[in-house]
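> A structural model of the following input is requested.
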Amino acid sequence: WKKVCPGRSRAALPLAVWCGISWRLVEAGHPLKAIFNLMQVSSYARPNQLLRLRKFGLVRPSAGVTGHWSLLLDVEDLGEVSKTGTSDTSILLDSGWLTFAEPLYEEIKKGEQEAKVFPFTYPEYLKAFKRAAREINVAAVPYQARHSGPSVDRAQGLRSQQEVQKRGQWRSKTSVNRYEKAARLAATWQQLDARTRLMCEMAEQNI
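Take a look at the predicted model:
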């Protein structure tokens, strides 16, 4: 079977592929890594940003403020700074396809609030991720999630170009233009073999 999207590529992958990877992570006994994967797609966060996330930074909905859970990334009080030099970045977890995870957030948030939400290292995550991707016959790397989230949102008309730029903390519109190519996202999907597409579709339908 032919594999697409070599590991060094930043090509976007359809949402169903990410659901397929998370499904395999759950099957392998890595539910937190599965949530990490989907949360990265939804938030456009870089892997290192989510790995630094503390439990106090997984914020519950607040009446009169927001009806969604949100993330507080790159906390200034902890001396954290994003790649673009910003701190205290707030991102709503408002992707409709991710609302199933809200009861899980309550469980994840329990305990010492200074503790990390995802208590594993990047090498540990990468090992599990690569195995899951291999099992559905897709060559992918975690960083592609940051590029896939905006592509999915633009292809489905869920966010404007301006909203995507703000959410991803991109400084220029040029950086966002690559996510206007819905046809490329479709072409990537069509290159996957039929068995892989079927597994991924089933995963997306059942998350």
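> From the geometric centre of this protein, which residue sits farthest away?
Going by C-alpha atoms, centre = their mean, the residue of the chain most distant from its centre is G64, 26.9 Å out.
> And the lowest-mean-pLDDT helix or strand in the chain, what does it pack against?
When each helix and strand of the chain is scored by mean pLDDT, DSSP states H and E, helix 173-177 comes last, with a mean of 73. Contact here means 3 or more C-beta pairs under 8 Å, 6 or more residues apart in numbering; DSSP states H and E; on that basis helix 173-177 packs against helix 161-168. (C-beta placed from N, C-alpha, C; glycine too.)
> Just the endpoints, please. Distance across stretch 107-120?
17 Å (C-alpha to C-alpha, to the nearest Å).
> Now do E112: how many residues are near it, please.
Neighbour count of E112, defined by other C-beta atoms under 10 Å: 9.
> my read: it touches R54, true?
No - contact criterion C-beta atoms under 8 Å: E112 and R54 do not qualify, at 9.2 Å.
> quick revisit: what strand or helix carries the residue farthest from the centre of the chain?
Under the criterion of DSSP states H and E, G64 resides outside all helices and strands.
> Now the phi/psi pair for it, please.
When read as degrees, to the nearest 10, the backbone of G64 gives phi 80, psi -10.
> where in this structure is pLDDT low?
Applying pLDDT under 70 to the chain flags residues 1-10, 178-181.
> Which parts of it are helices?
15-27, 31-43, 47-52, 102-109, 122-135, 144-155, 161-168, 173-177, 182-191, 194-206 (DSSP state H).
> what's the neighbour count on the residue nearest to I207 when sequence neighbours are not counted?
What sits nearest to I207 in space, not counting adjacent residues and going by C-beta to C-beta, 6 or more residues apart in numbering, is C19, at 5.3 Å. Residues near C19, counting by other C-beta under 10 Å, number 25.
> residues touching C19, list them.
Residues near C19 by C-beta atoms under 8 Å, 6 or more residues apart in numbering: 38, 200, 203-204, 207.
> can you list those residues in a markdown table and add distance to K83?
Shown next, in a markdown table, are the contacts of C19 (distance: C-beta to C-beta, whole Å):
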| residue | distance to K83 |
| --- | --- |
| L38 | 22 |
| C200 | 30 |
| A203 | 30 |
| E204 | 30 |
| I207 | 29 |
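> Any buried residues in stretch 113-126, and which?
Within stretch 113-126, the residues scored as buried using 16 or more other C-beta atoms under 10 Å are 117-118, 120, 125.
> about what we covered before: now do the contacts for the residue farthest from the centre of the chain.
So G64 contacts nothing (C-beta under 8 Å, 6+ apart).
> end-to-end on stretch 84-94?
Its start and end residues considered, stretch 84-94 measures 23 Å (C-alpha to C-alpha).
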